[in-house]
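Student: Sequence and computational prediction follow.
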Amino acid sequence: MSLHVPITPEARAALRRQRRTSKAVSFVVAVIGTTVVACVMGLLLIPGQTSCGYYPVPYCPLPEVTCSLPAPKPTLIDRPPRAPSNRPVPLIARALPTPLSIPVVFTPAMESDEFGTGDDFHEGMGNDDQMGQGITIPYVSRKRCSKADRLQLLEEGGAAAEVDESVIQALRYLKSTQARDGSWGSKHKTAMTGLALLAYLGHCETALSEEFGDSCLRAITYLVDIGMKHDGRLVSDTTARHWPYEQAIGTYALAEAETFHRALAIDIPMLRDTVASAGQFIIDHQHPTGGWDYHYDRSSSRGGDLSITGWHLQALKACKHSGIDFRNLRNCVTRAIDYVELRQAPDGGFGYTGTQPADGTSAASLTGVGMLSLQIWGQHAKPTVKKGADYASDHLEFKWESQQCDLYAHYYLSQAMFRHGGTEWSTYQASVLKDLPLHQNADGSWPVPGGGQKPAAVGALFADDSEEGKLYRTTLATLMLEVYYRYLPSMR
């Protein structure tokens with residue numbers, strides 16, 4: 001016998017609600033259970049998975065490629081820099097989450113290579129809004145990081161593509177002659193190491209470079225270690241008369257290295273702090289005339305000279321690119337620019353301590369120093385620069401196998417004439433730079449210039465028949481050839 005009880009409409013509705021609730025609870029329980037199982041399995045499998053995180057990357061400059069991956073996090077080297085001595089330099093374990101050597105963050109193609117606005121530092125100074133707000137490399141410097149761009153700039157500048165290969169051979173020579181502690185040179189180790197590092201950076205070689213990365217890192221480590229030990233002074237012996245040269249060149253190199261490596265999200269311990277202290281030391285020890293003098297003597301009656309001042313203005317420009325906040329930089333640069341302009345003679349040449357050439361030279365060999373010092377701080381349109389270019393075209397020839405082989409003068413002049421552009425640059429590069437690779441040794445270095453004659457130059461260390469002399473002229477020649485792509489011209 002069966003018992004049938006009629007179901008009321010209210011009972012049916014209650015039953016439906018119960019079923020829906022039961023199904024919902026079952027679904028939630030199933031989702032939670034599945035999630036727990038997935039999490040457990042994920043934890044077990046994570047070590048073997050490949051993610052889009054940070055991993056070692058080879059140097060592969062492809063700035064044309066864009067990437068939508070997350071912004072890179074700083075990579076820390078696992079120890080404070082110190083002279084490597086007999087210990088190997090640690091490898092950089094992590095880098096960018098892309099196969100790029102430089103983050104692809106482009107600013108407008110017409111971006112200036114100067115800083116500030118029209119009322120910043122000095123009347124007419126240029127503009128660069130990007131630096132100091134991020135970690136991008138200035139547009140004018142990024143162009144050196146792509147081989148395609150380098151070759152294009154060589155062609156536009158009137159040079160053959162083989163110039164880039166000449167530069168690479170020179171960098172290989174530098175790599176082969178680097179000391180175990182990361183330095184170069186003997187009597188002037190900071191200056192020589194700084195020049196070698198600048199030559200690497202001029203070709204966009206950094207600590208991530210496949211061929212030259214280790215050499216770059218060791219050079220930076222050497223210079224940072226000195227700065228750490230001596231409170232921003234980049235030499236061990238501050239009694240040496242010429243040590244301001246070393247301070248300026250070392251600061252220049254480290255500041256440029258900081259800009260590039262910061263853009264690569266590589267945090268080299270104490271590099272930024274060393275640049276800050278070394279650059280501030282330069283600012284604080286400017287002579288009241290606006291120049292810089294031997295021993296950093298601020299009370300000297302000589303008042304400095306244009307040769308020393310030129311290196312310091314280059315160093316401060318690199319410091320400015322780093323985005324570090326320096327005390328009194330604005331006033332320092334303004335006074336230095338005034339100092340440089342006062343060194344120009346009526347004929348357009350730039351003098352040494354006054355308006356006359358240095359002793360032992362008949363022509364104003366520092367004209368390129370004066371021109372470049374003004375150009376890099378936004379003064380390229382001033383009549384002083386045009387007068388300097390006219391003077392250089394008429395009086396400062398360069399021939400490797402003659403007395404007119406002043407590599408120091410033409411290190412500056414090659415940059416100044418390139419920035420100036422026009423017929424002066426076309427004539428200059430055709431008569432000077434095209435001939436330079438022809439004299440390069442098979443090992444990438446350059447031989448003693450002059451053709452057996454004494455160069456018409458002051459303090460011509462580049463002509464010394466010594467290892468340091470060989471290194472010095474090789475770095476100067478390399479930096480001259482890199483002028484086609486180290487920076488864009490201020491005007492063309």
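Tutor: Yep, it's here. Residues are numbered from 1 along each chain as shown.
Student: Quick check, Leu436 in contact with Ala477.
Tutor: Yes. Applying Cβ atoms under 8 Å as the test, Leu436 and Ala477 come out as touching, 5.8 Å apart. Placement of C-beta: from N, CA and C, glycine included.
Student: what's the nearest residue to Trp425 once chain neighbours are set aside sitting at in phi/psi?
Tutor: If the residues on either side of it in the chain are set aside, Trp425 comes closest to Met417, at 4.9 Å by Cβ to Cβ, 6 or more residues apart in numbering. For Met417, the backbone dihedrals (degrees, to the nearest 10) come out as phi -70, psi -40.
Student: And Met417, how close does it get to Tyr411?
Tutor: When distance is defined by Cβ to Cβ, to the nearest Å, Met417 is 12 Å away from Tyr411.
Student: Look at these two and report which has more neighbours.
Tutor: With other Cβ atoms under 10 Å as the criterion, Met417 and Tyr411 differ in neighbour count, and Met417 comes out ahead with 29 against 24.
Student: Quick check, the more buried one in contact with Ala392.
Tutor: Yes. Under the criterion of Cβ under 8 Å, Met417 is in contact with Ala392, at a separation of 6.8 Å.
Student: Pull up the overlap in contacts between those two.
Tutor: By Cβ atoms under 8 Å, 6 or more residues apart in numbering, Met417 and Ala392 have these common neighbours: 368, 371, 424, 428.
Student: Identify the residues contacting the first one.
Tutor: Going by Cβ under 8 Å, 6+ apart, Gly368 touches 388, 392, 396, 409-417.
Student: again with the second one
Tutor: In this structure, Met371 makes contact with 350, 385, 388-389, 392, 412-413, 416-417, 419-420, judged by Cβ under 8 Å, 6+ apart.
Student: quick check, nearest of those residues to Ala253?
Tutor: If you rank those by distance to Ala253 using Cβ to Cβ, Tyr412 comes first, at 16.5 Å.
Student: quick one: contacts for that closest one?
Tutor: Taking Cβ under 8 Å, 6+ apart, we find Tyr412 in contact with 310, 366, 368-369, 371-372.
Student: Tell me where the model's unsure across the stretch 101-250 of the chain.
Tutor: In the predicted model of the stretch 101-250 of the chain, residues 101-143 satisfy pLDDT under 70.
Student: Could you rerun that using 50?
Tutor: Within the stretch 101-250 of the chain, the set of residues satisfying pLDDT under 50 comprises 101-135.
Student: so where do the helices sit in it?
Tutor: Taking DSSP state H, counting those that start in this stretch as the criterion, the stretch 101-250 of the chain carries its helices at 139-142, 147-157, 162-177, 189-202, 213-229, 243-263.
Student: Among Leu436 and Ala477, which residue is more densely surrounded?
Tutor: Neighbours were counted for Leu436 and for Ala477 using other Cβ under 10 Å; Ala477 has more, 28 against 22.
Student: And Gln280, what's its pLDDT?
Tutor: Reported pLDDT at Gln280 in the predicted model: 98.
Student: thought it was touching Cys332?
Tutor: No. The pair Gln280 / Cys332 is not scored as a contact, 10.1 Å apart, by Cβ under 8 Å.
Student: Using CSV, write out every CA atom in stretch 152-170.
Tutor: Coordinates of the C-alpha atoms in stretch 152-170 are reproduced here as CSV (Å, rounded to 0.1, in the frame of the first residue of the first chain):
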residue,chain,number,x,y,z
GLN,A,152,73.3,55.3,-40.9
LEU,A,153,74.9,58.1,-38.9
LEU,A,154,78.3,57.2,-40.4
GLU,A,155,76.9,57.5,-43.9
GLU,A,156,75.2,60.8,-43.1
GLY,A,157,78.4,62.1,-41.6
GLY,A,158,80.4,61.2,-44.7
ALA,A,159,82.2,58.2,-43.3
ALA,A,160,82.6,54.6,-44.5
ALA,A,161,80.9,51.7,-42.6
GLU,A,162,84.4,50.3,-41.9
VAL,A,163,84.8,53.0,-39.3
ASP,A,164,82.6,51.0,-36.9
GLU,A,165,84.8,48.0,-37.4
SER,A,166,87.9,50.1,-36.6
VAL,A,167,86.2,51.2,-33.4
ILE,A,168,85.5,47.5,-32.5
GLN,A,169,89.1,46.5,-33.1
ALA,A,170,90.2,49.3,-30.8
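Student: List the buried residues for that stretch?
Tutor: Residues of stretch 152-170 classed as buried by neighbour count (16 or more other Cβ atoms under 10 Å): 153-154, 157, 159, 163-164, 166-170.
Student: which of those residues lies closest to Ser300?
Tutor: Using Cβ to Cβ, Ala170 is the member of the buried residues of stretch 152-170 that lies nearest Ser300, at 37.2 Å.
Student: Now for that closest one: which residues touch it?
Tutor: Neighbour list for Ala170: 199, 440, 444-445, 474, 477-478, 481 [criterion: Cβ under 8 Å, 6+ apart].
Student: ditto for Thr177
Tutor: Taking Cβ under 8 Å, 6+ apart as the definition of contact, the neighbours of Thr177 are 184, 467, 471.
Student: quick one, phi psi at the first one?
Tutor: Here is the backbone geometry of Trp184 (degrees, to the nearest 10): phi -130, psi 160.
Student: can I assume it is in contact with Gln178?
Tutor: Yes. Applying Cβ under 8 Å, one finds Trp184 in contact with Gln178, separated by 6.0 Å.
Student: of these two, who's got more company?
Tutor: Set Trp184 next to Gln178 and count neighbours by other Cβ under 10 Å: Trp184 wins out with 26 against 18.
Student: tally of neighbours for the residue nearest to the more buried one when sequence neighbours are not counted?
Tutor: Spatial nearest neighbour of Trp184, chain neighbours left out: Met192 (4.3 Å); criterion: Cβ to Cβ, 6+ apart. Here the count is done by other Cβ under 10 Å, and Met192 has 26 residues near it.
Student: swap in Arg172?
Tutor: Look at Arg172: counted by other Cβ under 10 Å, it has 15 neighbours.
Student: give the contact list for it.
Tutor: With contact taken as Cβ under 8 Å, 6+ apart, Arg172 is in contact with 211, 444.
Student: switch the cut-off to 10 Å
Tutor: Listed by Cβ atoms under 10 Å, 6 or more residues apart in numbering, the contact set of Arg172 reads 211-212, 215, 443-444.
Student: what separates it from His203, distance-wise?
Tutor: As judged by Cβ to Cβ, Arg172 and His203 stand 11 Å apart.
Student: so what sits against both of these two?
Tutor: Residues touching both Arg172 and His203 comprise Phe212, with contact defined as Cβ under 10 Å, 6+ apart.
Student: And the strands in the chain?
Tutor: Under the criterion DSSP state E, the chain contains strands at 75-76, 266-267.
Student: By mean pLDDT, show me the worst of those.
Tutor: Taking the mean pLDDT of those, strand 75-76 comes last: a mean of 48.
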